[in-house]
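1. Fold the following.
(2 chains)
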Amino acid sequence: MTTATAPRTDTVAVTTPRRAPRLARRSPTQGKKSLVLSIVMGLYLLYTLVPLAWLLINATKTQPDLFTTFGLGPGNSFALFDNIAQTLTYRDGIFLRWLGNTLLYVVVGAGGATLLATLAGYGLAKYNFRGRKAVFAVVLGAIAVPGTALAVPTFLLFSQLGITNTPWAIIIPSLISPFGLYLIWVYATDAIPTELLEAARMDGAGEFRTFFTISIRLLTPGIVTVLLFAVVATWNNYFLPLIMLSDPQWYPLTVGLNQWNAQATGVAAQPIYNLVITGALLSIIPIVAAFLVLQRFWQSGLSAGSVKQ
Amino acid sequence: MTTTAAPPPALRTPRRKRRTRIDDRGWLFVAPFAIVFTLVFLAPLAYSIYLSLFRDQLIGGNAFVGFANYVTAFNDPQFWDGLGRVAIFLVVQVPIMLLLALAAALAIDSARLHAAGFYRIVIFLPYAVPAVVAVLMWGYIYGDQFGLTRNLNDLLGGQFVQPFLPEWMLISIGNIVTWQFVGYNMLIFYSALKTIPNELYEAASIDGAGAWRTIFSIKIPAVRGAIVIATIFSIIGSFQLFNEPNILKPLAPNTISTYFTPNMYAYNLSFAGQQYNYAATIAIIMGVITAVIAYVVQLRGSRQEAR
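-> Purely as a prediction, here's the structure:
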């Protein structure tokens, strides 16, 4: 792994070829737009968008309309705002409580994961400490271990520590992002010239001061990428809260929505499909918005990461 | 790439020498991660190995049983049923998903597409949708009560599409997983494609290579590393299959058993049956199988890369 990265310590040389082909690729041999290709890809686009359109359309329907009107057509009445109001107030506004929980897990969990991965990735990239190779091997090995394989023992361990059914049971495991560490490690190797760190040391700056004043700025695109993917992972987390939490007061949105769905079957079934659909729509809006707004950052961060692969 | 990136040897040697000097201050940066990692990865791993060697018995309580749990698992038809199912899923769904992703990445990268940036972001969009929402959404669409499936069957006048029948179930789940992850893999491939140096395209164009020739001789070899990574991630994902069947279960209770996938089996063993030791055993077996296959894929991938 280290030998493969050695020739690329020169930052300038790595960034230049990455940029160049995009502009120059539109050469006469390849620049012709193809209508057939656009149509074929358009079909795939349709496949991607139809379920989301279905969700949007059906969030505007009342529960009876869901059963009686065509799936991709409008309902008899436009009930979107009524559905939103019902979703937010159902059972004393538990949906808002779940949204708050999700935000808590995302801010502390994903924020902490990004901080830890950034520090550790930077340490791995820029310091040749004893045990470095071992740390790297263990973390890479951990990516291959299925997360769910560890879920049951983690639950048992946490229940002995007495922290199941508390936010800590969700936050602590969220703090680890092996993928984030890998990405920052790759990114820091290229983005921070070792000479710069040595110059800072000669000026008498401490290691952490150098990190927080100089290195962190150079790492920003990488950090935003890691943060965004950590946010998605915690926002979408389902399995971990499912096993760790039994009190609905601590549920995140994902587990809560699934509980609303499960309410439709079994004895004393009380289907609230319209609320599940509206709640689902509400829960994807923030995360989709974050991706759209930050796309320039994460796309450049990702392409830097893939240079290595 | 390597030729442009490699600095002259005279410059490189002193820098590499300096980097190899031992500097234990790196631990200051790595320690916080390492501590939490030990708590949430290494400790549970060790604990589950420990659990798998014991058994809670009616007589004698918690007793060391060696590999007896593993022997039980290898003779357990429910475990094999789940494992076989995820193996079929892996062999069919992963290639379809990765081929779609590669085709999309090549199309977007080809500069022959109108509004390529729009395609890229929309195809990636499902990755941001929580698995729970994606599965509920598709589950409702599949449903015969108010889904599009019912609309379609009404239109055709019969029961042609029944996603919740046992013989359709795996396809239905495969469709959801494909929908969710094509965009993510597309982005991995696309990022790799963008790093191909322009000189290669110029050289190919001078040699008279057409678009297809360029794809097969330059682009695909150049993204082989990304393909290996994406394959490994997909294998891990397939063996871990849990969210999709578990969320679909209330919608199709008769089709999805408690041992539909090994992970569901482990989950139900521990949280419905209190059989923690046996659940840990199943989890470990799955972890070992996944790690071995991921390792083999990586070995094969890097060997071909070395040429």
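2. just for the stretch 151-300 of chain A, where's the confidence low?
-> Counting by pLDDT under 70, the stretch 151-300 of chain A shows low-confidence ranges at A:266-267, A:299-300.
3. The stretch 1-150 of chain B too?
-> For the stretch 1-150 of chain B (pLDDT under 70), the answer is B:1-20, B:58-60.
4. Please enumerate the helices of it.
-> Shown for the stretch 1-150 of chain B, the helices assigned by DSSP state H, counting those that start in this stretch span residues B:2-5, B:9-19, B:26-37, B:43-52, B:68-74, B:77-109, B:116-124, B:131-142, B:148-156.
5. Which one, of those, ends up nearest to chain A?
-> Nearest to chain A, of all the helices of the stretch 1-150 of chain B, is helix B:26-37, at 2.7 Å by C-beta to the nearest C-beta. Any C-beta I mention is one placed from the backbone N, CA and C, and that applies to glycine too.
6. Which strands or helices does the closest one pack on?
-> Packed against helix B:26-37 by the contact rule (3 or more C-beta pairs under 8 Å, 6 or more residues apart in numbering or on different chains; DSSP states H and E) you find helix A:111-126, helix A:132-144, helix A:207-210.
7. right, so these: which one is the most enclosed?
-> Stretch with highest mean neighbour count among the helices and strands packed on helix B:26-37: helix A:111-126 (a mean of 24; mean count of other C-beta atoms under 10 Å in any protein chain shown).
8. is that helix anywhere near chain B?
-> Yes. For helix A:111-126, a contact with chain B is found by C-beta under 8 Å from any C-beta of the partner chain, at A:115-117, A:119-120, A:122-124, A:126.
9. related to what we said a few turns ago, which of the helices and strands packed on helix B:26-37 has the lowest mean pLDDT?
-> Note on the helices and strands packed on helix B:26-37: lowest mean pLDDT is at helix A:132-144, with a mean of 80.
10. Need the residues that contact it.
-> Helix A:132-144 has contacts (C-beta atoms under 8 Å, 6 or more residues apart in numbering or on different chains) with A:1, A:124, A:178-179, A:181-182, A:185, B:26, B:30, B:34, B:37, B:41-42, B:232, B:236, B:290-291, B:294-295.
11. Show me how to select, in ChimeraX, the buried members of those.
-> Command for ChimeraX, covering only those of these found buried under the criterion 16 or more other C-beta atoms under 10 Å in any protein chain shown:
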select /A:124,178,179,181,182,185 /B:26,30,34,37,41,232,236,290,291,294
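12. what residues are up against the most centrally placed residue in chain A?
-> With distances taken as C-alpha atoms, centre = their mean, residue A:232 lies nearest the centre of chain A, 2.2 Å away. Residue A:232 is in contact with A:287, A:291, B:127-128, counting by C-beta under 8 Å, 6+ apart.
13. 10 Å instead, please
-> Applying C-beta atoms under 10 Å, 6 or more residues apart in numbering or on different chains to residue A:232 gives the contacts A:106, A:110, A:287, A:290-291, B:127-130, B:184.
14. next one: residue B:93
-> Taking C-beta under 10 Å, 6+ apart, we find residue B:93 in contact with B:86, B:170-171, B:173-175, B:177-178, B:181, B:234, B:237-238, B:241.
15. residues in contact with residue A:102?
-> A:170, A:234-237, A:241, A:251-256, A:283, A:286-287, B:130.
16. now with 6 Å?
-> A:252-253 (C-beta atoms under 6 Å, 6 or more residues apart in numbering or on different chains).
17. isn't there a helix covering it?
-> Yes. Residue A:102: assigned to a helix according to DSSP: H, G, I helix; E, B strand; the rest coil.
18. how is the chain carved up into domains?
-> With no chain named, the answer covers chain A. Taking automatic domain parsing as the domain assignment, the ranges for chain A are A:35-78, A:92-306.
19. Switch to chain B, please.
-> B:1-52, B:70-306.
20. okay if I get the residues of helix A:111-126 next to chain B as TSV plus distance to residue B:191?
-> Shown next, in TSV, are the residues of helix A:111-126 next to chain B (distance: C-beta to C-beta, whole Å):
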residue	distance to residue B:191
A:115	24
A:116	24
A:117	19
A:119	25
A:120	23
A:122	22
A:123	25
A:124	21
A:126	24
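21. of those residues, closest to residue B:286?
-> For those, the minimum distance to residue B:286 (C-beta to C-beta) is 25.9 Å, reached by residue A:117.
22. Most tightly packed of the domains of chain B?
-> Neighbour counts (mean count of other C-beta under 10 Å) averaged over each of the domains of chain B peak at domain B:70-306, with a mean of 19.
23. Now do it: distance to the chain's middle.
-> The chain centroid and the centroid of domain B:70-306 are separated by 6 Å, computed with C-alpha atoms, centre = their mean, to the nearest Å.
24. ok, now stretch A:245-253?
-> Its chain's C-alpha centre and that of stretch A:245-253 lie 20 Å apart, by C-alpha atoms, centre = their mean.
25. State the distance spanning the first to the last residue of it.
-> Its start and end residues considered, stretch A:245-253 measures 13 Å (C-alpha to C-alpha, to the nearest Å).
26. Just give the nearest non-adjacent residue to residue A:58, would you?
-> Ranked by C-beta to C-beta, 6 or more residues apart in numbering or on different chains and with sequence neighbours excluded, the top spatial neighbour of residue A:58 is residue A:277, at 5.1 Å.
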